[in-house]
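Undergrad: The following block contains a protein sequence and its predicted model.
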Amino acid sequence: MMLSDKVTVIYGAGGAIGSTVARAFAREGARLFLTGRDLAPVEAVAKEVAAAGASAEAAGVDALDEQALDKHLQSVINKAGRVDISFNAVGIPDTDILGVPLVGLHVEQFTLPIASYTTSYFLTARLAARHMIPKGSGVIMTVTALHSRAGIPLVGGYGPAMAAKEALTRDLSAELAPHGIRVVGLRPQAMPETNTIKEAFEPRAQVSGVSWEEWQRLLASRSHPRRLMRLEELANVAAFMASDKASGMTGTTVNLTMGSLDD
Ligand SMILES: NC(=O)c1ccc[n+]([C@@H]2O[C@H](COP(=O)([O-])OP(=O)(O)OC[C@H]3O[C@@H](n4cnc5c(N)ncnc54)[C@H](OP(=O)(O)O)[C@@H]3O)[C@@H](O)[C@H]2O)c1
């Protein structure tokens, strides 16, 4: 198994990506500490992977609350002695931030995703790094989207937020890699099997005049294999990137857009 006994904290573990990554990491032997703002969905994931034989604990932790994050990671260190992998899969509801043309967007709505995504990633990465540096090893990971590198209408501050997270991945790596810590992002293609993408499509549906089915076909047609990305595929790459087999990867974001976005 690629992640045997790797002490792993996942933030946003009740979500589509966080929960799928948790299942993949569990299959690879990771010792999981799953967190999310609401405890119930995180508990359900922890119970599921524990029933399959993995080690998993759930906790309600707001990934924008510095003190709550600190307290939780300290409890992980007290139990497990270290943190090997920190994975930030936090996502804020897209319906709150999408669908308004930039010329009509209020500044608060514009800055909401930029502040939320970058602050949460900064807080969880900084905290993990503080515990990883004395051990001389660790992996810090997060998720972005192709909006970081493509011009897409009606997404407000989401694109700048994703671009900022990818810049932070590079900067964290530049400072932390000399301490043996790798920092790697994942940039998946939109996965319409998730509620996130269905909800994100709604505000744009009326404006674009394209149906849900047509839009999925369009998305697939832009990829080289002419199909949609699957959560499972993202999670498999995440497990590999978190493992020592990816020791040569740091300071980068893996392009998982299947050709939709050129490097
Ligand atoms: N789904 C896709 O196809 C796709 C593709 C590319 C990129 N992404 C990006 O990947 C990220 C995750 O996507 P997803 O589809 O997994 O979203 P999701 O299903 O909505 O999951 C996001 C999770 O983050 C949690 N969360 C939100 N704010 C939090 C906070 N302050 N503290 C702790 N947890 C918090 C949510 O919990 P609550 O429900 O309790 O708020 C939810 O469980 C997002 O940035 C998204 O834009 C997604």
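TA: Looks like it came in fine.
Undergrad: Now residue 133. Nearest residue, chain neighbours left out?
TA: Excluding the flanking residues, the one nearest residue 133 by C-beta to C-beta, 6 or more residues apart in numbering is residue 179, at 4.8 Å. (C-beta placed from N, C-alpha, C; glycine too.)
Undergrad: From what I see, the one you found and residue 135 are in contact.
TA: No: between residue 179 and residue 135 there is no contact under C-beta atoms under 8 Å: 9.0 Å.
Undergrad: In this structure, what residue lies closest to the ligand?
TA: Closest to the ligand within the chain is residue 15: 1.9 Å, counting by C-beta to the nearest ligand atom.
Undergrad: can you count the residues close to that residue?
TA: Using other C-beta atoms under 10 Å, the number of residues around residue 15 comes to 24.
Undergrad: ok, now residue 110?
TA: Count around residue 110 with other C-beta under 10 Å applied: 18.
Undergrad: And residue 115, by the same measure?
TA: Neighbour count for residue 115, taken as other C-beta under 10 Å: 16.
Undergrad: same deal with residue 183?
TA: 28.
Undergrad: next one: residue 52
TA: Per other C-beta under 10 Å, the neighbour tally for residue 52 reads 11.
Undergrad: Same question for residue 64.
TA: 17.
Undergrad: Isn't it up against residue 118?
TA: No: Residue 64 lies out of contact with residue 118 (C-beta under 8 Å); the separation is 10.7 Å.
Undergrad: Ramachandran angles for residue 178?
TA: Residue 178 adopts backbone torsions of phi -60, psi -20, taken as degrees, to the nearest 10.
Undergrad: Quick check: the gap between it and residue 133.
TA: 10 Å (C-beta to C-beta, to the nearest Å).
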